[in-house]
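Student: Below is the sequence, then the predicted model.
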Amino acid sequence: VLNRVGEIDSKQLFDSFVAHATETGNYPYRTFYHKGQQFKTGQADFLARDGNCYLTSGLYDDSEIARAEQAAIEREPAYWGESIGYLPTSEPQFLDVSGVKIPVYRSGIHLEISTLPEREAANLFTVIRQEVNRMMTANEMAALIKLFGSEDKARQWLADNVEETNRA
């Protein structure tokens with residue numbers, strides 16, 4: 001998928017992030033606005049790719065800045081997005097589209113996940129979800145739980161149906 005900075009973060013790139021973290025145990029940390037460890041808000045403990053989507057999960061720290069970030073996301077979830085910082089481990093390949101050369105990154109090490117205004121995130125499909133049910137209002141989630149007969153089944157169905165985002 002072409003991102004806002006004119007690059008393509010490929011499926012292979014996302015797969016290399018997952019493989020590196022799985023093999024080494026080194027997962028990216030959460031931070032604010034690519035400001036590094038001084039602005040650390042948490043730690044990822046899970047990475048995956050589903051279709052064109054790169055998924056991360058983890059825990060927030062018990063710190064003032066982490067609590068502020070969580071509260072800000074609660075107040076204005078549509079305002080906030082995520083951006084990734086990574087170290088490429090190979091030179092990009094270039095895709096020629098009508099004479100325009102677009103870099104395609106295929107391998108790297110995912111270093112950090114930054115919370116920042118969504119409009120400034122490179123990927124067009126960035127979104128922060130503190131819980132899966134954030135995609136729905138409380139009433140909608142309650143109805144979905146009732147439909148499935150359990151919260152676990154409803155959450156699993158939501159997690160399994162990320163394909164709609166991939167199609168978009």
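Tutor: That came through fine. Everything numeric in this text was worked out from a predicted model, so none of it was measured. Residues are numbered from 1 along each chain as shown.
Student: residues in contact with Ile84?
Tutor: With CB atoms under 8 Å, 6 or more residues apart in numbering as the criterion, the residues that contact Ile84 are Asp9, Pro28, Tyr54, His110, Glu112, Ile113, Ser114, Asn123. Every C-beta, even on glycine, is put in place using the N, C-alpha and C of the backbone.
Student: Now go through those and say which are in strands.
Tutor: When DSSP state E is applied, the contacts of Ile84 are split such that Asp9, Tyr54, His110, Glu112, Ile113, Ser114 fall in strands.
Student: residues touching the last one, list them.
Tutor: Right, the one you point to is Ser114. With contacts defined as CB under 8 Å, 6+ apart, Ser114 is in contact with Arg30, Thr31, Phe32, Tyr33, His34, Lys35, Glu82, Ser83, Ile84, Gly85.
Student: A strand includes the second one, no?
Tutor: Yes - applying DSSP: H, G, I helix; E, B strand; the rest coil, one finds Thr31 inside a strand.
Student: Can you tell me which of the ones in strands among the contacts of Ile84 are buried?
Tutor: Among those, those buried by neighbour count (16 or more other CB atoms under 10 Å) are Asp9, Tyr54, His110, Glu112, Ile113, Ser114.
Student: where in the protein is pLDDT low?
Tutor: Residue ranges of the chain with pLDDT under 70: 1, 123-137, 161-168.
Student: Look up phi and psi at the residue of it most remote from its centre.
Tutor: Relative to the centre of the chain, and counting by CA atoms, centre = their mean, the farthest-placed residue is Gly99 at 31.0 Å. Listed backbone geometry of Gly99 is phi 90, psi -10, with angles given as degrees, to the nearest 10.
Student: again, but for the one 5 residues further on
Tutor: With angles defined as degrees, to the nearest 10, Val104 shows backbone torsions of phi -120, psi 120.
Student: same thing with Tyr105?
Tutor: phi -90, psi 130.
Student: Quick one: residues contacting it.
Tutor: Here Tyr105 is in contact with Glu7, Ile8, Asp9, Ser10, Leu13, Pro88, Ser90, Pro92 (criterion: CB under 8 Å, 6+ apart).
Student: Relative to the whole chain's centre, how far out is the helix ranked longest in the chain?
Tutor: Identified as the longest helix of the chain according to DSSP state H is helix 11-24. Average the C-alpha atoms of helix 11-24, do the same for its chain, and the two points are 14 Å apart (CA atoms, centre = their mean, to the nearest Å).
Student: do stretch 138-155 as well
Tutor: Centroid separation between stretch 138-155 and its chain, computed with CA atoms, centre = their mean, is 24 Å.
Student: what's the answer for stretch 41-53, then?
Tutor: If you compare the mean C-alpha spot of stretch 41-53 with that of the full chain, they lie 6 Å apart, counting by CA atoms, centre = their mean.
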